[in-house]
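Engineer: my questions are about this predicted structure, shown below with the sequence.
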Amino acid sequence: MIFFITICCQPRGQNQLCEMLVAAKLFESITFRHNRGDWWMHFVFLMPDHLHALVSFPADKEMKTVVTEWKKYVAREFGIRWQRDFFDHRLRNDESLRDKEDYIWMNPVRAALVDRPETWPFVWRPATS
């Protein structure tokens, strides 16, 4: 089961995530938890004041607990201020992972941050072996 999640910063409209050093630290923490098996991230996309992720969770892990623990860690270690909760949507059988990913890719274009989505640098995917 794959979920589309959105996690927003507090306050909205302020860039907390799209700085290269911050993004690198966030991606490192995401990779660590991915490799440890807390979650299986398929795709993470940072915007200045929120992030989108396509993620699966092991059967023995509760999504809310895993995400909340990560948010607490990131807040403490990197000073990110998060809104209290997060939005999640389970992808249904008729929803394509690729279609959702394509929609997310267009966010910085719609926000007039870049002209072409492929130039947006704040994207994480798991390493392939």
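Structural biologist: In hand now; what should we look at?

Engineer: excluding chain neighbours, what is closest to Pro58?
Structural biologist: Gly37 (6.1 Å; Cβ to Cβ, 6 or more residues apart in numbering). Where C-beta positions appear, they are placed from N, C-alpha and C, glycine not excepted.

Engineer: over to Ile7?
Structural biologist: Leaving aside its chain neighbours, Ile7 sits nearest to Phe86 (4.4 Å; criterion: Cβ to Cβ, 6+ apart).

Engineer: for the helix or strand hosting Arg76, C-alpha coordinates in CSV please.
Structural biologist: Arg76 belongs to helix 63-78 when assigned by DSSP states H and E. Output in CSV follows, covering the C-alpha atoms of helix 63-78 (Å, rounded to 0.1, in the frame of the first residue of the first chain):
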residue,chain,number,x,y,z
MET,A,63,2.2,5.5,9.8
LYS,A,64,1.2,8.3,12.2
THR,A,65,3.8,7.1,14.8
VAL,A,66,6.7,6.8,12.2
VAL,A,67,6.0,10.2,10.6
THR,A,68,5.5,11.9,14.0
GLU,A,69,8.8,10.5,15.4
TRP,A,70,10.6,11.7,12.2
LYS,A,71,9.1,15.2,12.4
LYS,A,72,10.1,15.4,16.1
TYR,A,73,13.7,14.4,15.2
VAL,A,74,13.9,16.8,12.4
ALA,A,75,12.5,19.7,14.5
ARG,A,76,15.0,19.0,17.3
GLU,A,77,18.1,18.4,15.1
PHE,A,78,17.5,20.9,12.3
